[in-house]
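Q: I would like to see how this sequence folds:
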Amino acid sequence: SKRSYQENAYLVSDLLPIMERHGVQAYFAGHDHSLQHLTVEGSPVELFVSGAGSLTRAVDPDNPHARFALRIPGFMAVSMNDRQMFVQAFGENGRLYYFTNVAIGPELPATPPLLRPPPQVGTQPTQAGSNTP
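A: Down below sits the predicted model:
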């Protein structure tokens, strides 16, 4: 994860290859006390962390795996159709801080998003290490 303490090398060296071998396209975890979307170069698995329901922890703004990381209390919402998964990261106040579309299914070509974010998207979150939006 993009946390201030060390990454768990086991997750990348052992668990990620198992997920790849079995066609896992997204992995959701909690407990890091932040909201994150991570990718590992060369891996098709999208990694999401949504464990910010209480105390938050600092995130490393220089982690090369992070597409998004924010230290705020919040949650993620996921919706899907037969072509894509839409993931949204919200702060505890309901403010949308991040969204992404993930193609689902075997090697789907890139297509325009079928699911669209709500109109309040576009506000910029504060610095990754900050605890307030």
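Q: going forward, measure contacts and count neighbours with C-alpha atoms only.
A: Will do.
Q: Which stretches in this structure count as helices?
A: Here the chain has its helices, by DSSP state H, at 9-10, 16-21.
Q: so which of these gets nearest Ala29?
A: Of all the helices of the chain, it is helix 16-21 that lies closest to Ala29, at 13.1 Å by Cα to Cα.
Q: Can you tell me what sits against that closest one?
A: Helix 16-21 has contacts (Cα atoms under 8 Å, 6 or more residues apart in numbering) with Gln25, Ser43, Pro44, Val45.
Q: Dump those residues to CSV, plus neighbour count, distance to Gly51 and pLDDT.
A: Below are these laid out as CSV (neighbours: other Cα atoms under 10 Å; distance: Cα to Cα, whole Å; pLDDT from 0 to 100):
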residue, neighbour count, distance to Gly51, pLDDT
Gln25, 18, 20, 90
Ser43, 13, 23, 90
Pro44, 16, 22, 90
Val45, 20, 19, 90
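Q: quick check, nearest of those residues to Gln36?
A: Nearest to Gln36 among the contacts of helix 16-21 is Val45, at 14.0 Å by Cα to Cα.
Q: Just list the residues touching the closest one, thanks.
A: Contacts of Val45 (Cα under 8 Å, 6+ apart): Leu16, Met19, Glu20, Val24, Gln25, Ala26, Tyr27, Thr39.
Q: Mark which of these are buried, thanks.
A: Leu16, Met19, Val24, Gln25, Ala26, Thr39 (16 or more other Cα atoms under 10 Å).
Q: Of the residues you listed, which is the nearest to Ile72?
A: For those, the nearest to Ile72 is Thr39 (20.4 Å; Cα to Cα).
Q: before we move on, the earlier item: quick one: which of the helices of the chain has the weakest pLDDT on average?
A: Out of the helices of the chain, helix 9-10 stands lowest, with a mean of 75 (criterion: mean pLDDT).
Q: same for it, what does it pack against?
A: For helix 9-10, there is no helix or strand it packs on, judged by 3 or more Cα pairs under 8 Å, 6 or more residues apart in numbering; DSSP states H and E.
Q: Thank you, goodbye.
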